[in-house]
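K.L.:
predicted model and sequence follow; I will ask about them next.
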Amino acid sequence: MRKSKRMHRFAGMGVLGLCGLLGQSVSAQEKPIVLRVCSWEEYIDLGEWDKDEAIELDNGTVIYGEKPLYEEFEDWYRETYGKTVRVEYSCFGTNEDLYNQLNMGDSYDLVCPSEYMIMKLIAEDRLIPYSDNFFDTQDANNFYIRNVSPYIQKTLETNELHGQSWSTYAAGYMWGITGVLYNPALVTEEEASTWEIFGNPKFNRQITLKDNVRDSYFAALGILKKDELTDEAFIKSADYTERLADVMNDVRPETIAQAQELLNQLMDNVYSLETDSGKADMITGKIVANYQWSGDAVYAMEQADEDDFELRFAVPKESTNLWFDGWVMLKNGIRTDADRQHAAEAFVNFLSRTDNAVRNMYYIGYTSSIAGNAQDNTVYEYLKWCYGADGEEEELMEYPVGYFFSGENSDARYMLQSSVSQMGRQLYSQYPPQEVMERTAIMRYFDADANKAINQMWINVRCFDIEEVPMGVWLALLAALLFMVSMGFRKSRRR
Amino acid sequence: MNQFCIQKFRIQKFHFQRSQLCIPYGLFLVCFVLAPLVVIIYYAFTNGEGKPTLENLTGFFSSPNTIGTLVYSLGIAVSTTCVCLLLAYPIAYILARSKMKHKSVVLMIFVMPMWINFTLRITALKEILTVLEGNLAYHPFLNTLIGMTYDFLPFMILPIYTTLLKLDNSLLEAAADLGADTVQTFMKVTFPLSVPGIISGIVMVFLPSMTNYVVLDMLYNSTYIMGSLIGAYFSAYDWHNGSMIALILLVIILLFTLFTNRYADEDAGSSRGGVLG
């Protein structure tokens, strides 16, 4: 059911081109609050589900997407707060594009970039902190703070920039990890569970890296520092998480130089660098493993399942990247407009309502930062709806997801009964087990100098090495040039 | 009399000078060609602090990366152009000289790929090449060359075909009368007269193939060419170096066009003189 839905959605991609134009006209008596939202493409449920697509969960909740969520937000805001808001929803392609747009003078009120871009925006003092009221759990409409996963909120709170924790500025939206999607018929789990697979000559030209410097640099560091990262003493150290993040964000010049050398070698071993084509190439069998984000891995596995072709997801043993996208409010857009800030915070809250979080997960395929709470277990029920099993046909396992839902992994309420076959598959990718989450590192933002250095490193890796040209080619070129010159010379003399 | 006056008035009312027809294009030119160019030039010759500098220019010519990229782009462009020319000329020649009844239909078959969306075509090509080669990653340059050729071949066939079609048959008859055999006729009459077509074909193939990095991306060639290098600088927020490379590319294209134009004029002029004079 999920699969067909997803296909249907992707077929409707053209609709998104219109997404900037969807602001609805509002009755003229009252001047509406205009909220300008900019997010990733395909990153919000656009509604218009078929009637039979409604998801009926065991707790009685029925999830059904009628209209795009930002339009439903307009209705909800009017009903709840008695004011009219108009959402102007638009999309961006990459974090860098968004940043360039902001620099060119586009103003938005609420945007949803990734963690390192959020850090950059915090560092440049472009963000407005969420109001105290936003964190008031007593207010029934504060869905974000009532429903956010304790794990995500803790991550946001413990990461600081200039003494301010991220949670002051950012509300988590979707999150995931990175790892290796592989074809179990040709690659063993052990081979896939390390960053070194990208240099493994056994898979020469059958494996892809990501076409962006941050992800590829992360993988390179995973290989360069593997001894340190897998060292028992290092793993057992008290400040392991902090130290791991330090190692995985190392931008000392000598490290960058080593990474460049390594990436140059990897380039000779990989099939290509990709951002999107890897999923299709895994399914068609052009490649046997690829560097993948967990959400895209889920999508690829589901697509492959339709062809009765098994793909699996492994997380490198050295470390992995915990990434997330979060909603942040921009100074440049909201300025001091209290109404607009209220609407922006309400928008985040509305998306954090558990039924809306489920709708988004269903549509996007990534994992929401929203977990629900003791009274509202809709998100967990959805997880059960997707991956739960009763043991009639398959062997069962107990899969704890308590770390995400309640903060306590052994919590019996969040012990999912699922098929053993989900290990290393969709469930594993969407909600990785706690021991995997322990070795996650966050990508920090690099200051201007470091940023310049790694971007230059990446350009060096990607550019053609002129020394690679064989001598014969130079000689042939020289001969051709001489020939042309002599022809021209003869001609002019003849005249 | 009165009638005439009214008519005259009507005509005058709708009369405007011919030069005024240029206004729409002029506006377009200023807004979308000149203004961006000024912005590019501004960024190319300033640094991050907005101060004027030549560093971007000297940086380009002193870095092995950028020079390597330039060489690689030129390599792709030159080989694409050569292959296109070698493939297109015989086809255009045969088509133009044949006595077939439905020439235009055959020509259409050659040009038809142009009507299909370009990314779709390259995706199809990718699958075909995979069947032929197995693993595409072993021959990135060759694949790029095939992709580019596939993409730009019609642009080479059309101009050559048109020039050959216009070729005056009496010239060929005259050459035969004066004792030239077929090879001599081709070398001394047909080929020189088709040079303008070849030149416009070269211009139409060479220039876009230097920057069309989508073909490389789609065919798994991860090496940067000029187009992708500009993109890389822009996404690293370095608009200054990006603009400089765009400007350098512009200058290269300008020089190339000037050179080929001169060559075309000279060649066509002298050859025609040779035959007719």
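P.N.:
Cool, got the structure. Residues are numbered from 1 along each chain as shown, chains lettered A, B, ... in the order given.
K.L.:
could you use CA atoms for every contact and neighbour count after this?
P.N.:
Noted.
K.L.:
could you report the neighbour count for the closest residue to A:A371 other than its chain neighbours?
P.N.:
Excluding its sequence neighbours, the residue lying closest to A:A371 (CA to CA, 6 or more residues apart in numbering or on different chains) is A:S149, at 4.7 Å. Here the number of neighbours of A:S149 (other CA atoms under 10 Å in any protein chain shown) works out to 24.
K.L.:
swap in the one 3 residues further on?
P.N.:
Here the number of neighbours of A:I152 (other CA under 10 Å) works out to 25.
K.L.:
how about the CA coordinates for stretch B:245-258, as PDB?
P.N.:
Presented in PDB, the C-alpha positions along stretch B:245-258 are these (Å, rounded to 0.1, in the frame of the first residue of the first chain):
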ATOM      1  CA  ILE B 245      35.500  31.400 -15.300                       C
ATOM      2  CA  ALA B 246      32.300  32.200 -17.000                       C
ATOM      3  CA  LEU B 247      34.000  35.300 -18.400                       C
ATOM      4  CA  ILE B 248      37.000  33.400 -19.600                       C
ATOM      5  CA  LEU B 249      34.700  31.000 -21.300                       C
ATOM      6  CA  LEU B 250      33.000  33.900 -23.000                       C
ATOM      7  CA  VAL B 251      36.300  35.200 -24.300                       C
ATOM      8  CA  ILE B 252      37.300  31.800 -25.600                       C
ATOM      9  CA  ILE B 253      34.000  31.500 -27.400                       C
ATOM     10  CA  LEU B 254      34.300  35.000 -28.800                       C
ATOM     11  CA  LEU B 255      37.900  34.400 -30.100                       C
ATOM     12  CA  PHE B 256      36.800  31.100 -31.600                       C
ATOM     13  CA  THR B 257      33.800  32.700 -33.400                       C
ATOM     14  CA  LEU B 258      35.900  35.500 -34.700                       C
END
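K.L.:
check the offset of it from the chain's centre.
P.N.:
Stretch B:245-258 sits 13 Å away from the centroid of its parent chain (CA atoms, centre = their mean, to the nearest Å).
K.L.:
by contact count, what packs against the strand or helix carrying B:A124?
P.N.:
Element membership for B:A124 (DSSP states H and E) is helix B:118-133. In terms of contacts (3 or more CA pairs under 8 Å, 6 or more residues apart in numbering or on different chains; DSSP states H and E), helix B:118-133 is packed against helix B:140-166, helix B:213-218.
K.L.:
after the shortest one, which helix or strand is next?
P.N.:
Note on helix B:213-218: by DSSP H and E, the next helix or strand toward the C-terminus is helix B:226-235.
K.L.:
anything in that following helix near chain A?
P.N.:
Yes - residues of helix B:226-235 contacting chain A under CA under 8 Å from any CA of the partner chain: B:L229, B:A232, B:S235.
K.L.:
what's the lowest-pLDDT member of these?
P.N.:
The member of those with the lowest pLDDT is B:S235, at 84.
K.L.:
tell me, how many residues neighbour it?
P.N.:
Per other CA under 10 Å, the neighbour tally for B:S235 reads 18.
K.L.:
returning to what we had before: which residues does the helix holding B:A124 contact?
P.N.:
B:P113, B:L136, B:N143, B:G147, B:D151, B:V215, B:M218, B:L219 (CA atoms under 8 Å, 6 or more residues apart in numbering or on different chains).
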